[in-house]
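Asks: What follows is a predicted structure for the sequence shown.
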Amino acid sequence: MRRSLLRAGIGVAISVLSLFLVLRQVDVGAVARVLGNAAPGWALAVCACIATDVVCRTVRWQVLLAPIQRVRFVPVLGYLLVGYLANNVLPARLGELVRSHYLGDREGMSRATTLGTIVVERVVDTAVLVAIASAAILLLHVRGIVASAVLVGLGLTGLLVVGLAVALVAHRLPYADRALAAVERWPSVVRLAGRLRGGLAVAGRPRTVAVAVGWSLAAWGATVIGFAAAGQAVGVQLTWGQAALLAAGVSLATAIPAGPGYLGTFELAAVQIAAVFGVGADPAVALAVLVHAVILVLTSLGGAVALLSLGWRRTLPGAAPTR
């Protein structure tokens, strides 16, 4: 409990600091005028792109769940949106735990196993995102802090992939038997680890991972188009490479624990990256606020509708919650 509160407190502090740094660089009145003059047609295009992104992510999670249990598209979409709604109101990405709990309870699956599929999803998503950002900085010949941040992301992605691989083959490593014997005194821990590994095991299916990567590319493709459309809406002309780096960089920044809805880190990253292209802070913040607002509104409304439609309590008769 204390760790969760500490993490939440750190996240809120990071958001507050990020907002402070953004507000120091912009004229709030000018940003409001830019948003007030945004082209409605392009704003609607941003909405369509973000909705497409969510659909692609739903199919991706459905693909990762399929080796364990087949779940229909509409319920998976609902569970995903409930998690996004939780991310919008809770700090430090706690929505990932909410959606694993929600799907696990309603579908009669172990919550730890469900969480394992989300871990695989996050690794795949981060790998694709870093690949897009890396290609963009090479295409645009970007140097400086933005390029360094992407390189750090590349290194962290490598560590995530290695960590996932080690988790899958841990039982075959030297001294694995001794480690297992040491934790057998806590049967609940052993059971929980086994269920978590059951979800992580989908990473050992090359075809499943390849399909998940394909849907990740489709999702990020829609998001890149959404950022380009947002630029058009506020009068900023972005090339596809610039839109890709902006979308990828901003999304990587949201991986930093922050306050509810990634408030502050999203906008600060947009300002720093857009400066590389010679875009001023005011239009950059307007662009970021437009995309961010669309994401928050669509996912919050979708999550609220899903929660009202699906309900919170389990519908499986006699189904006992599993960890």
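Replies: In hand now; what should we look at?

Asks: Just say helix, strand or coil for the nearest residue to L94 once chain neighbours are set aside.
Replies: The shortest distance from L94 to any non-neighbouring residue, by CB to CB, 6 or more residues apart in numbering, is to A86 (6.3 Å). From N, CA and C alone the C-beta is placed, and that goes for glycine too. Assigned with DSSP: H, G, I helix; E, B strand; the rest coil, A86 falls in the helix class.

Asks: Who are the contact partners of A86?
Replies: Taking CB atoms under 8 Å, 6 or more residues apart in numbering as the criterion, A86 is in contact with 94-95, 98-99, 303.

Asks: lowest-pLDDT helix or strand in the chain?
Replies: Every helix and strand of the chain was ranked by mean pLDDT, DSSP states H and E. The lowest is helix 176-183, at a mean of 49.

Asks: Narrow the contacts of A86 to those in strands?
Replies: Taking DSSP state E, every one of those sits outside strands.

Asks: measure the closest residue to L310 other than its chain neighbours to V224 for me?
Replies: Once flanking residues are discounted, L310 sits nearest to G78: 4.9 Å by CB to CB, 6+ apart. Using CB to CB, to the nearest Å, G78 is found at 26 Å from V224.

Asks: same thing with V34?
Replies: Counting by CB to CB - V34 and V224 are separated by 21 Å.

Asks: again with W215
Replies: 15 Å.

Asks: got a pLDDT number for the residue nearest to L94?
Replies: Looking at A86, its pLDDT stands at 90.

Asks: Please apply the same query to I14.
Replies: 83.

Asks: correct me, but it touches A258?
Replies: Yes: with contact defined as CB atoms under 8 Å, I14 counts as touching A258 (5.0 Å).

Asks: Looking at the two, which one has more neighbours?
Replies: A258 (26 against 21; other CB atoms under 10 Å).

Asks: That one: what's it in contact with?
Replies: Here A258 is in contact with 11-12, 14-15, 18, 91-92, 264-265 (CB under 8 Å, 6+ apart).

Asks: could you measure the residue nearest to A38 when sequence neighbours are not counted against V46, distance?
Replies: Distances taken as CB to CB, 6+ apart place A233 nearest to A38, at 4.5 Å, with adjacent residues excluded. As judged by CB to CB, A233 and V46 stand 7 Å apart.

Asks: These two: which is more packed in?
Replies: V46 (27 against 24).

Asks: May I have the secondary structure class of that one?
Replies: helix.

Asks: contacting residues for it?
Replies: 226, 229-230, 233, 290-291, 294 are the contacts of V46 under CB under 8 Å, 6+ apart.

Asks: ok, back up a step: which secondary structure element contains the residue nearest to L310?
Replies: Element membership for G78 (DSSP states H and E) is helix 73-89.

Asks: List the buried residues of that helix.
Replies: Buried residues in helix 73-89, defined by neighbour count with 16 or more other CB atoms under 10 Å: 75-88.

Asks: ok, now stretch 40-55?
Replies: Going by 16+ other CB under 10 Å, stretch 40-55 has these buried residues: 42-43, 45-46, 49-55.

Asks: Could I get the residues you listed in CSV, plus columns for secondary structure and distance to Q62?
Replies: Shown next, in CSV, are the buried residues of stretch 40-55 (DSSP: H, G, I helix; E, B strand; the rest coil; distance: CB to CB, whole Å):
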residue, secondary structure, distance to Q62
W42, helix, 31
A43, helix, 29
A45, helix, 26
V46, helix, 25
C49, helix, 21
I50, helix, 19
A51, helix, 17
T52, helix, 16
D53, helix, 15
V54, helix, 13
V55, helix, 11
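
Asks: Closest one of these to Q237?
Replies: W42 (11.9 Å; CB to CB).

Asks: shared neighbours of I14 and A258, which are they?
Replies: By CB under 8 Å, 6+ apart, I14 and A258 have these common neighbours: 264-265.

Asks: ok so, going back, check the buried residues of stretch 40-55 and tell me the two furthest apart.
Replies: Applying CB to CB across the buried residues of stretch 40-55, the maximum distance is between W42 and V55, 20.5 Å.
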